[in-house]
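[1] got a sequence here, can you build the structure:
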Amino acid sequence: MKTLNQLTDDELVKLYETGNNGAFEILLTRYKSKVYSYIFLIVRNKELTEDIFQDTFIKAIATIQQGRYVESGKFIGWVNRIAHNLIIDYFRREKNENTFSADGMEYDIVNNAKLSEKSIEDTISNEQVLTDVVKLIDYLPESQREVVKMRFFEDLSFKEIAEKTNVSINTALGRMRYALLNMRRVAEEKDVYLQIK
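    Next up, the predicted model:
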């Protein structure tokens, strides 16, 4: 008998559909840092990232509970598409209203820490690392930035990245290698210490 941790994403989704809440907890733990980073990479605002992050998982839960989840490759890709659509919706509303008040928005680190067994310090530290990684990506050439985003935030394989970017797998691997070397170099120059807890 497999433990929940050993199940695939799709097996966990099916279990959650039958009422096993622990299955969704595993999915959340598995992907929350990637989804959080993906949102932050686009919106560049911690409070807004937190809001959209929570809305993303609420929408994912609702979709699965209504039996509308369709296996379409990778769970992380599906969740990031939900996040992406919510980001677009937010910016559309923002453009229409032309005003945005940050009152009433509170970064609730305590609730965030409850999502995992990590201490509050670890959670803050991890979010700082993810924020730093996002900053480092900005220093990369576009071709390398694209590969890093697809690999880390969309969880695509190098074969999938190669197909999406119309290059060979070797070229995709090469870009990732150079991206990591560049990020390491920039991290040293800027004295950024990257260590996820």
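[2] pLDDT-wise, which helix or strand of this protein ranks last?
    Taking mean pLDDT, DSSP states H and E as the measure, the chain has helix 109-114 as its least confident helix or strand, at a mean of 40.
[3] tell me how many other residues surround L28.
    16 (other CB atoms under 10 Å). In this view, the C-beta of every residue, glycine as well, is placed from N, C-alpha and C.
[4] so where's this structure uncertain?
    Counting by pLDDT under 70, the ranges of the chain that qualify are 96-133, 192-197.
[5] so what are the domain limits for it?
    The chain resolves into domains spanning 1-114, 118-197 when parsed by automatic domain parsing.
[6] tell me the spacing between the one residue sitting closest to the centre of the chain and K14.
    The chain has V35 as the residue nearest its centroid, 1.8 Å off, counting by CA atoms, centre = their mean. V35 is 21 Å from K14, where distance means CB to CB, to the nearest Å.
[7] tell me which residues of the helix or strand harbouring M176 are tucked away?
    Assigned by DSSP states H and E, M176 belongs to helix 169-189. Across helix 169-189, burial judged by 16 or more other CB atoms under 10 Å covers T171, A172, R175, M176, A179, N182, M183, V186, A187.
[8] just those now: which is nearest L156?
    Nearest to L156 out of these is A172 (CB to CB; 9.5 Å).
[9] wait, that closest one touches N166, no?
    No - the criterion here is CB atoms under 8 Å, and A172 misses it with N166 at 10.2 Å.
[10] so where do the helices sit in this structure?
    Ranges of helices in the chain, per DSSP state H, are 9-17, 21-43, 46-65, 75-97, 109-114, 120-137, 142-148, 158-165, 169-189.
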